[in-house]
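Novice: Build me a model:
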Amino acid sequence: MTDNKIRCALVFRIDAAVGSTSGVTLLAKYDFSSDYEAHSGAATEGTLYAGRGNYGEAVSMVIKNDPPGVAEVGKVGGFKVVQSDAHQVVYGGDSDGLCL
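Specialist: So this is what the prediction gives:
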């Protein structure tokens, strides 16, 4: 990874059927990554997220394939980290199915 800046913050709802195509729903998104690429923040356009454009969809696939662990009631836990050369995804969930 080239820096330690947060480029995107997402909130998902995970239903009881995690792993199914409808198991993860994006509820809220703050996405600075699109502006970062559009205004020459990245070395070349489309390099920050391999030209995918929609970071929310990419993270949704990560969560569907490897959902967070079970957390205690009233707490966010079960954190997981997925990292590559270009990005890092850190996520956890609560007992009500919210995933940050």
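Novice: and the helix or strand that Ile63 is a member of, which residues are buried?
Specialist: Following DSSP states H and E, the helix or strand that holds Ile63 is helix 55-65. Buried positions in helix 55-65, judged by neighbour count with 16 or more other Cβ atoms under 10 Å: 55-56, 59-60, 63-64. The way it works is simple: take the backbone N, C-alpha and C, and place the C-beta from them, glycine included.
Novice: Looking at those, which is nearest Asp31?
Specialist: Tyr55 (6.0 Å; Cβ to Cβ).
Novice: quick one, helices of this structure?
Specialist: 33-38, 55-65 (DSSP state H).
Novice: mean pLDDT lowest for which of those helices?
Specialist: Note on the helices of the chain: lowest mean pLDDT is at helix 33-38, with a mean of 60.
Novice: Tell me where the model's unsure across the chain.
Specialist: Residues of the chain that meet the criterion pLDDT under 70 lie in 1-3, 16-22, 33-54.
Novice: same thing but at 50, please
Specialist: 18-21, 45-46 (pLDDT under 50).
Novice: For Lys29, see how far away Val11 is.
Specialist: Using Cβ to Cβ, to the nearest Å, Val11 is found at 8 Å from Lys29.
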